[in-house]
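Engineer: Sequence plus predicted model, see below.
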Amino acid sequence: MLDPGIDQVTREVLLNITANGFNPNAKTKSLTTGGLYINWMMNDPTQINRVNPNTNNNPPTSHDIQTDLFYLNALAEYKYLHPDDTRYDLEIQKMSPIVHYEFFNYNLPKGWVYFYLLRDGFFLNDPVLTEEASMAASNYYTHWYDTNLNLLYNKSHIPGVYSVEHSITAGAALMDAGTRLNQPAWFQAGKSTLEIAVAASYNLQSHLFYNNMSVNSDGTEVVTNDQAKPSTQGSVVEALMEAYMLVHDQQYLDIANQVLQSMLIDSGLWDHTNRGLYFALDLNGGKLEQKYKETRAQAHALIGLYRFNQVMRTFGKPQMYLDKQQQLISLLANKFYEPTYHGYFYRMTPDFQIYVSNDANGQPQSENYFTTEAMGLALDALQQTEMPTVPF
């Protein structure tokens, strides 16, 4: 069911990106392809690509291909939800070949990329994106899966390393791709990756996932980042739901429920006064990092929670944490959204003011830059809640 408030925010943000976000000088693989700016100043879009607020670095060709995929995804979702609305068709036509080039034979162990390419190929009826999803899955298996340890991780480091979010979503991606493409070895690799990574990175006391792990040659794993970030929790819950829809393993539902209960109720990550999720909880020392709230954290948490409730509804089980689900929708559509200039910042203060940090010279500066990552992820989360069933 379409939500007029979400649709208005989506149209305003997409219009802002259309007007101010495209950098014709952006480079990909040493080729000038064009693509989105990483960010631009809220009230002065000529001030662009402040990559790190603590430096004076401002390269005009800076480019993150992931933001192009986020943008195309937001456009594709809008078109899927509003098939008769043609106002963004030219943007889809402009961005599609850029994304085609950027993600051809994609070869990094980030599982979420597979699902974005697959979903957008479906929304846009674009077989190139669908084929590129298959390429990504093939590369996950061929280049990053260790057949001796039965785990997908970054083998280019010694010892090996992995982002919990990326490896667990890659495991779910291989399970899905293995099923779709009749590749049983992929499916088994994904399933074993999911099982091993979950067992190693899930803290049984807090019911939250660590952020990063290292992998020794004998398969033993060590936590390298003790932080539990809401963005990781949301992505893992989403991946567990993808896996559950394939194999109906009750453990996936149970862990997802425990993570949501901890993240939204018990751990302190949820701000029960102002609402929304703080940056992180240190699972070793117990320190709550609460100076700011990331936009992407709210988006990933909402997507994971909404997918969890879609599964619960599909199998006739009661939906849970619906108050938090609605609060996250409201926060992304209101408190995190800047309504005058129509965009999203990387982070905000706990009471939703523009965050102030120090620049490279130690002077206070307002982080009043809209980021295309935050904009794309916020629109993804909001628009998914308009879909009773989210394919892929």
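Structural biologist: Sure thing, it's come through. Numbering: from 1, shown residues only.
Engineer: shouldn't Val237 be in contact with Leu305?
Structural biologist: Yes: here Val237 lies in contact with Leu305, judged by C-beta atoms under 8 Å, at a distance of 7.0 Å. (Each C-beta comes from the backbone N, C-alpha and C, glycine too.)
Engineer: okay, and the common contacts of those two?
Structural biologist: Jointly contacting Val237 and Leu305 under the rule C-beta atoms under 8 Å, 6 or more residues apart in numbering are Leu260.
Engineer: chain center to the longest helix along the chain, what's the gap?
Structural biologist: In the chain, with assignment by DSSP state H, the single longest helix is helix 295-314. Relative to its chain's centre, helix 295-314 lies at 11 Å (C-alpha atoms, centre = their mean, to the nearest Å).
Engineer: what's the answer for stretch 277-295, then?
Structural biologist: With C-alpha atoms, centre = their mean, you get 18 Å for stretch 277-295.
Engineer: which residues sit against it?
Structural biologist: So stretch 277-295 is contacted by 203, 206, 208, 210-211, 223, 226-231, 263, 267-271, 276, 297-298, 301, 332, 336, 344-350, 352, 355, 371, 374, 377-378 (C-beta under 8 Å, 6+ apart).
Engineer: For His272, what is the enclosing helix or strand?
Structural biologist: Using DSSP states H and E, His272 is not contained in any helix or strand.
Engineer: confidence score at it?
Structural biologist: We have a pLDDT of 96 for His272.
Engineer: list the contacts for it?
Structural biologist: Counting by C-beta under 8 Å, 6+ apart, His272 has no contacts.
Engineer: separation between it and Gln327?
Structural biologist: 11 Å (C-beta to C-beta, to the nearest Å).
Engineer: do the same with Leu118
Structural biologist: Leu118 is 30 Å from Gln327, by C-beta to C-beta.
Engineer: which one of those two has more residues nearby?
Structural biologist: Leu118 (23 against 18; other C-beta atoms under 10 Å).
Engineer: what comes up buried for the longest helix of the chain?
Structural biologist: Residues 295-312 are the ones in helix 295-314 that count as buried (16 or more other C-beta atoms under 10 Å).
Engineer: And the next helix or strand past that helix?
Structural biologist: As assigned by DSSP H and E, the chain's next helix or strand after helix 295-314 is helix 322-330.
Engineer: So which elements touch that next one?
Structural biologist: helix 295-314 (3 or more C-beta pairs under 8 Å, 6 or more residues apart in numbering; DSSP states H and E).
Engineer: Now a ChimeraX select for only the buried ones of the contacts of stretch 277-295.
Structural biologist: Per 16+ other C-beta under 10 Å, the buried members of the contacts of stretch 277-295 correspond to this ChimeraX selection:
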select :203,206,208,210,211,223,226,227,228,229,230,231,263,267,269,270,276,297,298,301,332,336,344,345,346,347,348,350,352,355,371,374,377,378
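Engineer: Next step: the contacts of stretch 277-295 restricted to strands.
Structural biologist: Asn203, Leu208, Val223, Gln227, Ala228, Tyr344, Arg347, Met348, Thr371 (DSSP state E).
Engineer: mind listing what the last one touches?
Structural biologist: Residues in contact with Thr371, defined by C-beta under 8 Å, 6+ apart, are Ile38, Asn39, Thr295, Tyr344, Phe345, Tyr346.
Engineer: repeat that with 6 Å
Structural biologist: Asn39, Tyr346 (C-beta atoms under 6 Å, 6 or more residues apart in numbering).
Engineer: go on, the second one?
Structural biologist: With contact set as C-beta under 6 Å, 6+ apart, Leu208 has these partners: Ala228, Ser262.
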